[in-house]
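# got a predicted structure plus its sequence, pasted below:
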Amino acid sequence: MTEPLLRVANLTKSFAGRRVLSGVSFEVAPGEVLGLVGESGSGKSTTARCVARLTEPDAGQVTLGGRDVLAAGRRELRVLRRDMQMVFQDPYASLNPRMTVAALIEEPLAVHGLEPDRRLRRKRAADLLETVGLSAEHLDRHPRSFSGGQRQRISIARALAVRPRLLICDEPVSSLDVSVQAQVLNLLRDLRQRLDLSILFIAHDLAVVYYLCDRVAVMEQGSLVEVGTRTEVYGNPRHPYTRSLLDAVPVPDPTDRGSHP
Ligand SMILES: Nc1ncnc2c1ncn2[C@@H]1O[C@H](COP(=O)(O)OP(=O)(O)OP(=O)(O)O)[C@@H](O)[C@H]1O
């Protein structure tokens, strides 16, 4: 089996004495999309934040490409974070409204010292906008002149600027209208293939996860209760919690589709 890109083992976290994560373990292979599903409050965002070390877990291991994320010092953590970029739920909150699109996309390049030449940085920002389905003409505009879906495309361009190997997407389409959700999901699906990206994709919407993910991990009250391929989990859920999640919403019949989205 291929070496996983991301390996998470026994992640544990409490806030103010209340256990929020209890021994969470999973892996993401190179080029794989793993969906993390579960009800609100089950611990999905905390898991993502612990993986990127935006929240310090109490215990557990996280390795990215075999490198220990939780033991990394400041400099090494910066390098590791370049390889795992996050896309958040709310593109209205995550993009600084005072910055132009060019500045927003160029900022991570400057932070990581990746493209010192100003002209080349701008060229890269223009290319990235086209990669996410926008146009270089948008470079000098501010986030306020874009719709929610366009802003999420800008967030994705910003995340891709440093050429990460892993995208951690925390509910990236749940603040968008349904028709726009489909466009952003298509973009992620396309990017994953074109750039050979791995994605940890967090969502409470099971249909969205079914559409995009190869494997699915189901989280209940801070524990993973089931991990399997999309077809296994949706077609033959083993855990009662997974069954109750699936019963609550209409999800496409997995036997209707091929094995790959
Ligand atoms: N910084 C924090 N301080 C205290 N409690 C927190 C903190 N962050 C998260 N929690 C609590 O941890 C639990 C898990 O939250 P988390 O956001 O990880 O769940 P989630 O599955 O992502 O839910 P949602 O879909 O609503 O974001 C919740 O009860 C939440 O209130």
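Thanks, I have the structure now. Numbers count the residues shown, from 1 in each chain.
# nearest residue to Ala110 other than its sequence neighbours?
Excluding the flanking residues, the one nearest Ala110 by CB to CB, 6 or more residues apart in numbering is Arg121, at 7.2 Å. Using the backbone N, CA and C atoms, a C-beta is placed for each residue, glycine as well.
# that neighbour is in contact with Leu109, isn't it?
Yes: at 5.5 Å, Arg121 counts as touching Leu109 under the criterion of CB atoms under 8 Å.
# what do the two both touch?
Common contact partners of Arg121 and Leu109 (CB atoms under 8 Å, 6 or more residues apart in numbering): Glu115.
# which strand or helix spans the nearest residue to Gln61 once chain neighbours are set aside?
Spatial nearest neighbour of Gln61, excluding adjacent residues (CB to CB, 6+ apart): Ala9 at 4.4 Å. Taking DSSP states H and E as the criterion, Ala9 maps to strand 6-15.
# next one: Pro4
Applying DSSP H and E, one finds Pro4 in no helix or strand.
# number of residues surrounding it?
Per other CB atoms under 10 Å, the neighbour tally for Pro4 reads 19.
# now do it against the ligand, distance only.
Pro4 is 22 Å from the ligand, where distance means CB to the nearest ligand atom, to the nearest Å.
# just to revisit the earlier point, wait, the residue nearest to Gln61 sits on Ser25?
Yes: contact criterion CB under 8 Å: Ala9 and Ser25 qualify, at 4.8 Å.
# ok, now which ones touch Leu246?
Counting by CB under 8 Å, 6+ apart, Leu246 touches 206, 234, 237.
# shouldn't Val227 be within a strand?
Yes: assessed by DSSP: H, G, I helix; E, B strand; the rest coil, Val227 belongs to a strand.
# the residue nearest to it when sequence neighbours are not counted bridge partners, please.
Leaving aside its sequence neighbours, Val227 sits nearest to Ala217 (CB to CB, 6+ apart; 4.5 Å). Ala217 has these beta-bridge partners by DSSP bridges: Leu36, Val227.
# quick one: residues contacting Ala217.
So Ala217 contacts 26, 34-37, 224, 226-227 (CB under 8 Å, 6+ apart).
# which one of these is nearest to Arg19?
Of all these, Leu224 has the smallest distance to Arg19: 14.3 Å, by CB to CB.
# which SS class is the closest one?
strand.
# can you report how many residues neighbour the residue of the stretch 101-250 of the chain found nearest the ligand?
Relative to the ligand, the nearest point of the stretch 101-250 of the chain is His204 (5.5 Å; CB to the nearest ligand atom). Other residues near His204 come to 17 when the count uses other CB under 10 Å.
# off-centre distance for stretch 162-172?
4 Å (CA atoms, centre = their mean, to the nearest Å).
# buried sites along that stretch?
Neighbour-count burial for stretch 162-172 flags 162, 164-172 (criterion: 16 or more other CB atoms under 10 Å).
# list the contacts of that stretch.
5-6, 28, 30, 44-45, 48, 51-52, 64-65, 82-89, 108-109, 112, 114, 152, 155-156, 159-160, 184, 188, 197-204.
# take those and keep only those in helices.
If you go by DSSP state H, those have 44-45, 48, 51, 82-83, 108-109, 152, 155-156, 159-160, 184, 188 in helices.
# so which of these also contact the ligand?
Contacts with the ligand within the ones in helices among the contacts of stretch 162-172, as defined by CB under 6 Å from any ligand atom: 44-45.
# now the two most distant members of the ones in helices among the contacts of stretch 162-172.
For the ones in helices among the contacts of stretch 162-172, and using CB to CB, no pair is farther apart than Lys44 and Leu109, which are 29.3 Å apart.
# tell me which stretches of this structure form strands.
6-15, 18-28, 33-37, 59-64, 67-68, 84-87, 166-170, 198-202, 215-220, 223-229 (DSSP state E).
# relative to Leu139, which of these is closest?
With distances scored as CB to CB, the stretch of these nearest to Leu139 is strand 84-87 (19.9 Å).
# buried ones in that closest one?
Judged by neighbour count using 16+ other CB under 10 Å, the buried positions of strand 84-87 are 84-87.
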